[in-house]
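Trainee: Here is my input, please return the structure:
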Amino acid sequence: MATMIPMTRRTALGLVLAGVAATALPARAHAAGEEEQVLVDKAKEAVQLIRSDPDYKKMNELLARSHGAMVVPELVKAGFILGGEGGRAVLLRRDDQNGQWTYPAFYDFGGGSIGLQAGIQKSQVILVFMTKKGLELAMTDKMKFGADASIVVATIGGGAEAATTTNLDADIYAFAKSEGLFGGISLEGSAIIPDQDANQAYYGTRYTSRQIIYEGKGANAGAEGLRLALAAP
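Mentor: Numbers count the residues shown, from 1 in each chain. Here you go, the predicted structure:
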């Protein structure tokens, strides 16, 4: 059975992405906000791809009444004996009154484990926040799945069949398209960590996630496509 390793702010994320640099997003050596725009564009593509898949009809229904969504366009899981998963993500909130989506706040996503595992898996993941409690937890310095909120995962790809959940009480639902040797994902023990450096690069000001998500701070026309993709009927 795999044993979770304690994870500091970027330890697990760096561990995984260092070994899969060729498949990860570009290193931060570009103009301010350029890498973040690449992430936003990939997030839009992931939303469009998963929403267009008939196996994810349930996700479309949940998005329409959700409080928010986090998109991880490339969650990479890799390892041989020592393993972990990591990626970068964007979080947006859906306005309860008009159904519009905020501009994105940026996050790191990662976890680590030791166990008998081998291979590389890359997944596109959308986390749908169904309660205010779940979204509030994402505003904390580090939210850890399995410890802070209930979560139900539906996966497809990598040899796994599409899953349908009947759990109506989860704070967060995670939907993933996966490819690779692991055949499915597990977010248990993984953590999401706000990335204010990325917020500053994208908006020109070091906004916190709460300021972007709840106070409407920050605007960037480059995120309009992602907002529309989430709002599409």
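Trainee: what's the lengthiest helix in the chain packed up against?
Mentor: Across the chain, the helix with the greatest residue count (assigned by DSSP state H) is helix 34-51. If you count contacts as 3 or more Cβ pairs under 8 Å, 6 or more residues apart in numbering; DSSP states H and E, helix 34-51 packs onto helix 57-63, strand 68-93, strand 105-129, strand 172-180, helix 196-203, helix 224-231. The C-beta positions use only the backbone N, C-alpha and C, and glycine is treated the same way.
Trainee: Tell me which of those lies nearest to Ile212.
Mentor: Ranking these by proximity to Ile212 (Cβ to Cβ) places strand 105-129 first, at 4.3 Å.
Trainee: List of residues touching stretch 128-137?
Mentor: 59, 62-63, 65-70, 93, 138, 143, 148-149, 170-175, 213 (Cβ atoms under 8 Å, 6 or more residues apart in numbering).
Trainee: Restricted to buried residues, select those residues in ChimeraX.
Mentor: Remark: buried members of the contacts of stretch 128-137, expressed as a ChimeraX selection using 16 or more other Cβ atoms under 10 Å:
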select :59,62,63,66,67,68,69,70,93,138,143,148,149,170,171,172,173,174,175,213
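Trainee: Quick one: mean pLDDT for the longest helix of the chain?
Mentor: What helix 34-51 shows for mean pLDDT is 96.
Trainee: Least confident of the helices and strands packed on helix 34-51, on average?
Mentor: Among the helices and strands packed on helix 34-51, strand 105-129 scores lowest, at a mean of 76.
Trainee: rewinding a little: make TSV out of the helices and strands packed on helix 34-51 and add distance to Val38.
Mentor: Output for these, formatted as TSV (distance: least, Cβ to Cβ, whole Å):
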stretch	distance to Val38
helix 57-63	23
strand 68-93	9
strand 105-129	12
strand 172-180	19
helix 196-203	11
helix 224-231	12
